[in-house]
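From the sequence below, what's the structure:
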Amino acid sequence: MRGLLILLAAVGVALLALLRRRSALGPRAPRPRHIVIRIVCGVLGVGILAAVAVGTWSVVHGSDAGEAAGKERLVCVPTQPPPALAVPEEPFESVEVKQARFLVNVIIADLSAGEPVVIFADQQELRWPRFCSLGRDFDVAGYKVRYEIALRALSACKEGPKATPTLRSDGKYNFDWQRGGSSSGTGGGLMLGGVWFARRMGRAGPPEKPPLSIVARPGRELTAVGFVTRVAEDDPLKAIPAAEFLRARQAVVGEALGRWSNGGGPHRFPPRVDDAPFRGAALAEHIGASSLLLLAAAVLLSQLFARRGLAFVGVLAAVALYVAALDRAVLGAHLSRMEGPNAPLPARVLACEQAADSFFYRKTALARLRELARDATVPGPLRARAEQMARELPGLM
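Numbering: from 1, shown residues only. Next comes the predicted model:
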């Protein structure tokens with residue numbers, strides 16, 4: 001609210017200066033624009049303001065949290081246990097496996113909210129020894145991804161007299177991803193029966209702010225996980241949601257991420273710090289390309305009046321108030337989603353970050369985030385993210 005008061009005070013000073021200049025120059029009778037020009041300018045100006053409101057609202061209600069959660073991606077799982085492995089006669093000896101069938105799953109998801117949001121799921125089969133290698137290229141969330149798997153030998157080994165036989169292979173894998181001019185990858189020995197790799201890929205792009213929106217479309221923290229599961233040759237398999245598949249293996253995935261961590265991790269793209277010399281410049285920087293459209297709308301609407309210079313100052317102030325009202329409506333939508341017990345957990349966690357991106361009402365967002373962080377009935381991941389945002393937000397005010 002302090003920014004609004006400063007803005008209104010600046011507009012008042014500008015109006016006073018213009019009026020004093022007019023009285024010093026004597027009475028003049030400016031000529032208004034032609035009626036057709038005024039109608040066209042009015043329609044275009046109002047159209048721009050309406051387009052920005054619609055674009056902003058579409059980003060708020062069409063965020064990739066709800067979109068990704070609403071798309072059910074399926075994977076197949078065994079319906080019966082795999083056949084028993086041949087038991088070596090002596091411990092630490094190996095017995096060659098003549099035939100085996102494996103399901104290979106690669107899932108890319110956002111795991112930062114505690115509840116997995118699956119972005120991509122792929123599944124293929126390895127049938128040893130007929131089909132002992134596979135690979136795939138695909139694009140997901142702005143990344144170009146490729147993975148390869150190859151088996152060269154397969155045997156069963158018992159590590160001790162009473163140990164259960166386990167599979168051994170000198171198979172290899174490679175998993176590479178590329179975005180823009182940067183690329184990363186991982187590879188090594190293939191582990192059979194469980195997680196064969198887990199990597200944090202990074203954020204699916206920084207928050208994208210469309211030209212017709214004053215708020216950003218947030219990116220996601222992507223994690224790629226691969227599974228190899230041995231199944232019976234005649235198993236018909238059954239399809240389940242990939243999110244349910246990940247949820248059942250949450251502990252294994254967490255252990256694998258700790259073992260193969262590459263220094264990534266959940267992080268957020270913070271709102272811009274208001275360090276510009278003038279509040280208006282900070283606002284223009286915050287809302288991005290749409291500030292040029294809003295300025296154009298102010299210019300167009302000022303053409304409706306005879307004293308266009310004076311009218312531009314007043315219309316610009318009205319546009320700033322319009323942006324403040326839109327910012328409050330957006331914050332209200334984020335707070336409603338954040339505190340709504342019936343909203344999906346990933347959407348509620350994401351709303352914590354989006355609420356902190358308010359320009360005019362960060363104190364309101366901070367108070368609500370602190371309340372949520374103290375609420376013991378709130379799910380743990382949501383409470384942790386609200387506490388994190390409440391710590392970060394004071395430095396941006």
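
Work out for me the element the residue nearest to Ala333 when sequence neighbours are not counted sits within.
The shortest distance from Ala333 to any non-neighbouring residue, by C-beta to C-beta, 6 or more residues apart in numbering, is to Val60 (5.1 Å). Quick note: C-beta positions are derived from backbone N, CA and C, even for glycine. Per DSSP states H and E, Val60 falls inside helix 35-61.

and the residue nearest to Ala333, what is it in contact with?
When contacts are counted by C-beta atoms under 8 Å, 6 or more residues apart in numbering, Val60 touches Val215, Val330, Ala333, His334, Gln354.

Out of the residues you listed, the closest to Arg391 would be?
Each of the contacts of Val60 was scored against Arg391 by C-beta to C-beta, and Gln354 proved nearest at 16.8 Å.

thought that closest one was touching Val215?
Yes: counting by C-beta atoms under 8 Å, Gln354 touches Val215, with 7.2 Å between them.

just checking, Arg168 is part of a strand?
Yes: counting by DSSP: H, G, I helix; E, B strand; the rest coil, Arg168 is located in a strand.

Farthest pair within the contacts of Val60?
Greatest spacing in the contacts of Val60, by C-beta to C-beta: Val215 and Ala333 (9.7 Å).

And those two? Which one has more around it.
A direct count of neighbours by other C-beta atoms under 10 Å for Val215 and Ala333 places Val215 higher, at 28 against 18.

any idea how far the more buried one is from His334?
Per C-beta to C-beta, to the nearest Å, Val215 is found 9 Å from His334.

Give me the common contacts of these two.
Val60, Gln354.

would you say Ile240 is within a strand?
Yes: the assignment for Ile240 by three-state DSSP puts it in a strand.

So for it, what's the nearest residue that isn't a sequence neighbour?
Leaving aside its sequence neighbours, Ile240 sits nearest to Val77 (C-beta to C-beta, 6+ apart; 5.7 Å).

bridging residues for the one you found?
For Val77, the beta-bridge partners under DSSP bridges are Lys238.

Quick one: neighbours of it, just the number.
Other residues lying near Val77 total 19 when counted by other C-beta under 10 Å.

Might you report the residue contacts of it?
Counting by C-beta under 8 Å, 6+ apart, Val77 touches Leu103, Thr229, Leu237, Lys238, Ala239, Ile240, Phe245.

Just the buried subset of those residues, please.
Buried subset of the contacts of Val77 (neighbour count, 16 or more other C-beta atoms under 10 Å): Leu103, Thr229, Leu237, Phe245.

related to what we said a few turns ago, let's see which of the contacts of Val60 end up in helices.
Mapping the contacts of Val60 onto helices (DSSP state H) picks out Val330, Ala333, His334, Gln354.

Quick check: the first one touching Val215?
Read it as Val330. Yes: in this structure Val330 lies within contact range of Val215 using C-beta under 8 Å: 5.5 Å.

got any residues that touch both of those two?
Residues touching both Val330 and Val215 (C-beta under 8 Å, 6+ apart): Thr56, Val60.

Check which residues of the one helix or strand Leu310 maps to are buried.
Leu310 belongs to helix 308-339 when assigned by DSSP H and E. Neighbour counts over helix 308-339 (16+ other C-beta under 10 Å) mark 310-317, 319-320, 322-324, 326-327, 330-331, 333-335, 337-339 as buried.

Kindly report the same for stretch 44-58.
Leu44, Gly45, Ile48, Leu49, Ala51, Val52, Ala53, Gly55, Thr56, Trp57.

Let's see that stretch as PDB, backbone CA atoms only.
Only the C-alpha atoms of stretch 44-58 are listed here, as PDB (Å, rounded to 0.1, in the frame of the first residue of the first chain):
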ATOM      1  CA  LEU A  44      -7.800  -0.800 -28.500                       C
ATOM      2  CA  GLY A  45      -6.900   0.500 -25.000                       C
ATOM      3  CA  VAL A  46      -9.800  -1.300 -23.300                       C
ATOM      4  CA  GLY A  47      -9.000  -4.400 -25.300                       C
ATOM      5  CA  ILE A  48      -5.400  -4.500 -24.100                       C
ATOM      6  CA  LEU A  49      -6.500  -4.200 -20.500                       C
ATOM      7  CA  ALA A  50      -9.000  -7.000 -20.900                       C
ATOM      8  CA  ALA A  51      -6.500  -9.200 -22.700                       C
ATOM      9  CA  VAL A  52      -4.000  -8.700 -19.800                       C
ATOM     10  CA  ALA A  53      -6.700  -9.700 -17.300                       C
ATOM     11  CA  VAL A  54      -7.700 -12.800 -19.300                       C
ATOM     12  CA  GLY A  55      -4.000 -13.800 -19.900                       C
ATOM     13  CA  THR A  56      -3.200 -13.300 -16.200                       C
ATOM     14  CA  TRP A  57      -6.200 -15.300 -15.100                       C
ATOM     15  CA  SER A  58      -5.400 -18.100 -17.500                       C
END
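
Gly42 and Ile35, how far apart?
Counting by C-beta to C-beta, the gap from Gly42 to Ile35 is 10 Å.

now the strands for the stretch 51-200 of the chain?
Remark: strands assigned in the stretch 51-200 of the chain by DSSP state E, counting those that start in this stretch are 74-77, 94-96, 100-110, 117-128, 133-140, 143-150, 154-157, 166-169, 172-179, 182-189, 194-203.

Can I get the fifth one in CSV, CA atoms only?
In this case it means strand 133-140. C-alpha atoms of strand 133-140 as CSV (Å, rounded to 0.1, in the frame of the first residue of the first chain):
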residue,chain,number,x,y,z
SER,A,133,19.6,-53.6,-25.5
LEU,A,134,17.2,-50.7,-25.9
GLY,A,135,17.1,-47.0,-26.0
ARG,A,136,14.9,-44.0,-26.7
ASP,A,137,15.0,-40.3,-27.5
PHE,A,138,12.3,-37.9,-26.4
ASP,A,139,11.6,-34.3,-25.6
VAL,A,140,10.1,-33.3,-22.3
